[in-house]
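Undergrad: Below: sequence and its predicted model.
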Amino acid sequence: MPFSGQKPGTSGLRKKVRVFAQPHYAENFIQSVFDVADRPIASTLVIGGDGRFHNRTVIARAIRMAAANGYARVLVGQGGILSTPAASHVIRKYGASGGLILSASHNPGGPEEDFGIKYNIANGGPAPEAVTDAIYARTQTIDRWLMVEGGAEVDIDRIGTSEIGEMAVEVIDPVVDYADLMEELFDFGAIRAAAKRGLSVAFDAMHAVTGPYAHEILERRLGFPAGTVLNGTPREDFGGHHPDPNLVHARVLYDLMMSPEAPALGAASDGDGDRNLIMGRGVFVTPSDSLAILAANAHLAPAYAGGLKGIARSMPTSTAADKVADALGIPLWETPTGWKFFGTLLDAGKVTICGEESAGTGSDHVREKDGLWAVLLWLNILAVSRKPVSQIASEHWARFGRNYYARHDYEAIESGRANALMAALEASLAILPGRAFGPLTVAMADQFAYTDPVDGSASYNQGVRVMFACGSRIVFRLSGTGTEGATLRVYLERYEGPDGRLAEETPTMLADLVAAADAIAGIVAHSGRTAPDVVT
């Protein structure tokens, strides 16, 4: 019997654990994936997740379902662990037809918290909209699911090979393939030498999936001292914390980086390992600036020494990367939010580095954003340049200008209220140009749409953009990454050229945009919120 509401969002299906724990709920969704997935005979399926509560239960069921659905082999991360970028790499390296990633990303975990399932296709990237639409359609009509019954359960804590029915189940080391890839991309020798010279780092794994990866790469292969990795043991409830690497949920790390005892680099990653937080001594680097700075300095790492093919960013991400692409003489692609939109560009060789304002950055080494990859590229840049993060950032702004930027999140707004806000905003788009809001005059306003330059697919209603005559910008968008209600994301951006005000406080520089955002969208009136829940 179908369940209502099994429509995957930008990163799979996410619900509360109590929803997924309903009899047959997970099975119905997984079977719907198997029914529509493009997979040749004798396919390999990759399964892993971020270690959150309910992962082991669903992994055990998914293995038996894969056997009943004709897969020849399943690769499972030991203990059920595979970070999202590591899963992408494993899919690509072993020629799998796809993979199930069990995660709700940066959302909290535990019996009363969140769970999710995402399907990645053979290129290692998230399923495109055509596939997720087909999965959803199947969930609405599904009338059976298949599972091999009986026999011993697979011991996913022991590396080795066993069988379920006629299918081979290989429990693999979840870290080694990924760590080897990182060693190919970056100058580990230069980073090791810098560590001996005193380059220091604090990496907060947030009791999430990147702990084992960071221990292996940072402390063992790169030689940073024990204790470099904080909160490095994955826990089903992430230690009772919210595994979102922002200035609210990584406050302890932030306080350290603003103190006299700060290491050279402070970094964190999220629940499934695809997001990153970057700080230097006394300085926070916004994800938008991090993307631009990494792109401008990527040539210092071996994998990117030959230059970049192009840069891609999501529409709400600041235009800082645009300035770098223009200076390098390479294309800049603006896409909707969701890493799957970068996939076709990466596969077609149109871009090398991609990023989103939501703390996701990555390159063509996998088809997912990659938190630890971004940290390692920063370390490579620090090691080779021998400059602190603050100097690298200030020199970047002096060359390209500075995009003052913030995202204001209004979380768990009642869906009807959130939809009413967006409907009213969209209805006003035609009359906004020419109107003044304080010192800001609207030059253009639209609902962003995107046509993929590779496959021609079109995506509409991707967020409202309000552009001002001075070059400032506000973007309004409802997020699909939550599990209850809706999250209104408001993106605020003000550009200052190389000769402008480059050393001001971000809230001061964005104050006029904050006031304009409420006047344009009626945030207080529609949501009842007088302030955002999270500022990034």
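TA: Everything's here; your move. Numbering: from 1, shown residues only.

Undergrad: end to end, how far does stretch 307-319 reach?
TA: 20 Å (CA to CA, to the nearest Å).

Undergrad: For it, buried residues please.
TA: Across stretch 307-319, burial judged by 16 or more other CB atoms under 10 Å covers 308, 309, 310, 311, 312, 313, 314, 315, 316, 317, 318, 319. Glycine gets a C-beta too; all of them are placed from N, C-alpha and C.

Undergrad: Could you give me the buried positions within stretch 513-527?
TA: Buried residues in stretch 513-527 (16+ other CB under 10 Å): 513, 514, 516, 517, 518, 520, 521, 523, 526, 527.

Undergrad: element containing the residue lying closest to residue 479 once chain neighbours are set aside, please.
TA: Excluding its sequence neighbours, the residue lying closest to residue 479 (CB to CB, 6 or more residues apart in numbering) is residue 487, at 4.2 Å. Assigned by DSSP states H and E, residue 487 belongs to strand 486-496.

Undergrad: Tell me how far the closest residue to residue 12 other than its chain neighbours lies from residue 9.
TA: Counting by CB to CB, 6+ apart, residue 12 lies nearest to residue 118, which is 2.9 Å off, once chain neighbours are set aside. Counting by CB to CB, to the nearest Å, the separation of residue 118 from residue 9 is 9 Å.

Undergrad: Mind checking which of these two has more residues around it?
TA: Neighbours were counted for residue 118 and for residue 9 using other CB atoms under 10 Å; residue 118 has more, 27 against 16.

Undergrad: Using the three-state scheme, assign that one.
TA: At residue 118 the chain is in strand, as set by DSSP: H, G, I helix; E, B strand; the rest coil.

Undergrad: Identify the residues contacting the residue lying closest to residue 301 once chain neighbours are set aside.
TA: Spatially, and ignoring its direct neighbours in sequence, residue 301 is nearest to residue 380 (4.5 Å; CB to CB, 6+ apart). Residue 380 makes contacts with 186, 187, 190, 191, 300, 301, as judged by CB atoms under 8 Å, 6 or more residues apart in numbering.

Undergrad: ok so, going back, farthest-separated two in the buried residues of stretch 307-319?
TA: Farthest apart among the buried residues of stretch 307-319 by CB to CB are 309 and 316. That separation is 23.1 Å.

Undergrad: now the buried residues of stretch 307-319 in TSV, with pLDDT, secondary structure and distance to residue 236?
TA: Formatted as TSV, the buried residues of stretch 307-319 follow (pLDDT from 0 to 100; DSSP: H, G, I helix; E, B strand; the rest coil; distance: CB to CB, whole Å):
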residue	pLDDT	secondary structure	distance to residue 236
308	98	coil	39
309	98	coil	40
310	98	coil	40
311	98	strand	37
312	98	strand	35
313	98	strand	34
314	97	strand	31
315	97	coil	35
316	97	coil	32
317	97	coil	32
318	97	coil	36
319	96	coil	40
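
Undergrad: Show me which of those residues is closest to residue 505.
TA: residue 318 (16.8 Å).

Undergrad: Following element in sequence after the host helix or strand of residue 47, please.
TA: Assigned by DSSP H and E, residue 47 belongs to strand 44-49. Next helix or strand after strand 44-49 toward the C-terminus (DSSP H and E): helix 55-68.

Undergrad: and the angle for that next one with strand 44-49?
TA: Using axes from the mean of the first three to the mean of the last three CA atoms, to 10 degrees, the inter-axis angle of helix 55-68 relative to strand 44-49 is 170 degrees.

Undergrad: Helix 55-68 - contacts with which helices or strands?
TA: Secondary-structure packing of helix 55-68 (3 or more CB pairs under 8 Å, 6 or more residues apart in numbering; DSSP states H and E): helix 25-36, strand 44-49, strand 73-81, strand 98-102, strand 114-121, strand 160-164, strand 167-172.

Undergrad: change it to 6 Å
TA: Packing partners of helix 55-68 (3 or more CB pairs under 6 Å, 6 or more residues apart in numbering; DSSP states H and E): helix 25-36, strand 44-49, strand 73-81, strand 98-102, strand 160-164.

Undergrad: Nearest spatial neighbour of the residue most central in space within the chain, chain-adjacent residues omitted?
TA: The C-alpha lying nearest the average C-alpha coordinate of the chain belongs to residue 360 (CA atoms, centre = their mean; 4.1 Å). Distance criterion CB to CB, 6+ apart; nearest residue to residue 360, sequence neighbours excluded, is residue 369 at 3.3 Å.

Undergrad: Surely the one you found and residue 358 touch.
TA: No. The criterion here is CB atoms under 6 Å, and residue 369 misses it with residue 358 at 8.8 Å.

Undergrad: list the contacts for the closest residue to residue 468 other than its chain neighbours?
TA: Leaving aside its sequence neighbours, residue 468 sits nearest to residue 440 (CB to CB, 6+ apart; 4.6 Å). Applying CB atoms under 6 Å, 6 or more residues apart in numbering to residue 440 gives the contacts 468, 512, 516.

Undergrad: any idea whether the last one is helix, strand or coil?
TA: Three-state call for residue 516 (three-state DSSP): helix.

Undergrad: Surely it is in contact with residue 436?
TA: No. At 9.3 Å, residue 516 does not count as touching residue 436 under the criterion of CB under 6 Å.

Undergrad: separation between residue 387 and residue 503?
TA: 17 Å.

Undergrad: Of these two, which one has the most company?
TA: Legend: neighbour count by other CB under 10 Å for residue 387 and residue 503, higher for residue 387 (16 against 8).

Undergrad: Okay, that one and residue 123: tell me how far apart.
TA: Distance from residue 387 to residue 123, by CB to CB: 36 Å.

Undergrad: try residue 115
TA: Taking CB to CB, one finds residue 115 at 25 Å from residue 123.

Undergrad: So which of those two has more stuff around it?
TA: residue 115 (28 against 17).

Undergrad: What's opposite the more buried one in the beta bridge?
TA: Residue 115 forms beta bridges with residue 15, as assigned by DSSP bridges.

Undergrad: who touches it in this structure?
TA: 17, 20, 54, 104.

Undergrad: rerun that using 10 Å as the cut-off
TA: Contacts of residue 115 were listed using CB atoms under 10 Å, 6 or more residues apart in numbering, and they are 13-21, 26, 49, 52-55, 57-58, 102-104, 107, 109, 483.

Undergrad: what's the pLDDT at it?
TA: On pLDDT, residue 115 comes in at 98.

Undergrad: The one 3 residues further on now?
TA: In this prediction, residue 118 carries a pLDDT score of 97.

Undergrad: any idea how far residue 276 is from it?
TA: Counting by CB to CB, the gap from residue 118 to residue 276 is 19 Å.
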